[in-house]
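Colleague: Generate a structure from the sequence data that follows.
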Amino acid sequence: MKIASIDVGLKRIGVALCLDGNMVFPQDAILRKNRNQAARDVKSFLIEWQIEKLVVGLPKGGSSQEEMERRIKHFVSLLELENIEIVYQDEQGSSVEAKELTKGVFKHKRDGKIDSMAAKIILERWLESL
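Modeller: Numbering: from 1, shown residues only. The predicted model follows:
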């Protein structure tokens, strides 16, 4: 089964892929100019890779949990996915973990690498929970 995950942010959307059920690979992040453009780009990515399941990171805990959950679920609804199953996975701490994992590996710029590493962590957590 081909699985992708996204870490939805206000400026970038981190993306990761798992094509064999084992290895997860971060992809280039999708830069977000507006939500409609970002939704089109995410949907195109999912179609291009023939993704069957999408794992979406949702923040659990924290003062703005409800607001972020509402925004993320609204964004997912804009994808208008018909043949792709959507599941949600706790993303708490994934960005911090991504920064720690990549410390010294590459410069932490705002290029989306951290966002896609966070998406990789989210997908790995989901796979481990199976």
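
Colleague: SS state for S116?
Modeller: Here S116 is recorded as helix under DSSP: H, G, I helix; E, B strand; the rest coil.

Colleague: what is the mean pLDDT for the helix or strand hosting R70?
Modeller: R70 is part of helix 65-78, with elements assigned from DSSP states H and E. In this model, helix 65-78 has an average pLDDT of 93.

Colleague: Can you mark which positions in it are buried?
Modeller: Buried residues in helix 65-78, counted by 16 or more other C-beta atoms under 10 Å: 68, 72, 75-76. Any C-beta I mention is one placed from the backbone N, CA and C, and that applies to glycine too.

Colleague: Q92: which of these is nearest?
Modeller: The shortest approach to Q92 among the buried residues of helix 65-78 belongs to M68, at 11.0 Å (C-beta to C-beta).

Colleague: Which elements pack onto the helix or strand just after the helix holding R70?
Modeller: Scanning forward in sequence from helix 65-78 by DSSP H and E, the next helix or strand is strand 85-90. Helices and strands touching strand 85-90, by 3 or more C-beta pairs under 8 Å, 6 or more residues apart in numbering; DSSP states H and E, are strand 53-58, helix 113-128.

Colleague: among these, which is nearest S95?
Modeller: helix 113-128 (4.6 Å).

Colleague: so how far is the closest one off the chain centroid?
Modeller: Relative to the centre of its chain, helix 113-128 is centred 7 Å away, using C-alpha atoms, centre = their mean, to the nearest Å.

Colleague: Quick one, grab the pLDDT at the closest residue to Q65 other than its chain neighbours.
Modeller: Residue nearest to Q65 in three dimensions, not counting chain neighbours: P59, with 5.7 Å by C-beta to C-beta, 6 or more residues apart in numbering. If you check P59, the pLDDT there is 88.
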